[in-house]
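In: Fold the following and give me the result.
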Amino acid sequence: MTDIKVIIPAFNEADSIAHVINEIPKSVSEVIVVNNNSTDDTVKNAEAAGATVLTETRKGYGYACLKGLDYVASTSKKPDIIVFIDGDYSDYPEELDKIVAPILENDIDFVVGARTKSLREEGSMTPQQIFGNWLATFLMRLFFGAKFTDLGPFRAIKYEKLKELNMEDKTYGWTVEMQLKVLKKKMTYTEVPVRYKRRIGISKVSGTVKGSIFAGIKILGWIFKYSIK
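Out: Model prediction:
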């Protein structure tokens, strides 16, 4: 039986985290929530919902994801697939089986849940998110011939392939770093259209001008770094 573990970075997601955990399919062996300096009841609510809860005090999406991966590496039984999903309930956790299907059925290495316009709730993505996704994926097509249309955080990857990527970004560049390294290492990949809804609470990245600017700088920095290698 395929072993699937889920990693959820979470910063002040007390109102949403239990919804996310409770709607993850039973095909998952362990849900790992990485508390990234939350000041609310994120930890209590995640534990009550049955998740393994870790704490990463260094703030940053990448730091939280890396903490989750360090934990997975320390376990005696390694998973076959790692799934990443946000803790804000903007994705539909029950679609996880759809995201891992290309790995299980077609031996694909990496799958991104693409937040297709026709499946998005109106207002679920900010104008800066939409533009940032378009620009990043356009540049990846231009420089690398990529077929990505989104930097969606709901994604699945074979654990052994993820280790090969040697992920390092600590903050906003995590998703684009993963996609660029998949391209550079010529791993197989695909996208699966997923639904997307308004998140619970305010986004820490796209919900602020500062967050949007820093995310944009990080994403473009990774793309140009790889384009000149």
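
In: The most centrally placed residue in the chain: what's it in contact with?
Out: Taking C-alpha atoms, centre = their mean, the centroid of the chain lies closest to residue 153, which sits 3.0 Å from it. By C-beta atoms under 8 Å, 6 or more residues apart in numbering, the contact list for residue 153 reads 84, 85, 86, 91, 175. Glycine gets a C-beta too; all of them are placed from N, C-alpha and C.

In: now the third one, what's its secondary structure?
Out: Under DSSP: H, G, I helix; E, B strand; the rest coil, residue 86 falls in the coil class.

In: Make sure residue 190 is indeed in a strand.
Out: Yes - looking at residue 190 with three-state DSSP, it is inside a strand.

In: Pretty sure it sits against residue 100.
Out: No - if you go by C-beta atoms under 8 Å, residue 190 and residue 100 don't touch, sitting 11.6 Å apart.

In: okay, these two: which has more neighbours?
Out: Between residue 190 and residue 100, counted using other C-beta atoms under 10 Å, residue 100 has the larger neighbour count: 24 against 16.

In: what about residue 96, neighbour count?
Out: 24.

In: Report the secondary structure state of it.
Out: helix.

In: Check residue 141 too.
Out: Residue 141 - assigned by three-state DSSP - is helix.

In: Widest-spaced pair of the contacts of residue 153?
Out: 91 and 175 (13.2 Å; C-beta to C-beta).

In: Are we agreed that the residue nearest to the centre of the chain is in a helix?
Out: No - looking at residue 153 with three-state DSSP, it is coil, so not inside a helix.

In: can you pull out the helices in the chain?
Out: Remark: helices of the chain, listed N- to C-terminal, are 17-22, 42-48, 61-74, 96-106, 127-144, 159-165, 174-184, 209-227; assignment by DSSP state H.

In: how many neighbours does residue 9 have?
Out: A count of nearby residues for residue 9, using other C-beta under 10 Å, gives 26.

In: Mind pulling up the pLDDT for it?
Out: Predicted confidence (pLDDT) for residue 9: 97.

In: I'd say it and residue 38 touch.
Out: No - using C-beta under 8 Å, residue 9 makes no contact with residue 38, being 10.6 Å away.

In: lowest-confidence helix or strand of this protein?
Out: helix 209-227 (a mean of 72; mean pLDDT, DSSP states H and E).

In: ok, for residue 66, nearest residue in space, not its chain neighbours?
Out: Distance criterion C-beta to C-beta, 6 or more residues apart in numbering; nearest residue to residue 66, sequence neighbours excluded, is residue 167 at 6.7 Å.

In: my guess is residue 123 meets residue 198, correct?
Out: Yes - at 5.9 Å, residue 123 counts as touching residue 198 under the criterion of C-beta under 8 Å.

In: More neighbours: which of these two?
Out: Using other C-beta under 10 Å as the criterion, residue 123 and residue 198 rank with residue 198 on top: 13 against 8.

In: Report the contact partners of that one.
Out: 90, 121, 123, 124.

In: Of those residues - the most surrounded one?
Out: So for the contacts of residue 198 (other C-beta under 10 Å), the most neighbours sit at residue 90, 24 neighbours.

In: What distance do you get for it to residue 193?
Out: Applying C-beta to C-beta, to the nearest Å, the value for residue 90 to residue 193 is 15 Å.

In: How about residue 10?
Out: Relative to residue 193, residue 10 is positioned 25 Å away (C-beta to C-beta).

In: just residue 119 next, same as before
Out: 6 Å.

In: now residue 70
Out: 32 Å.
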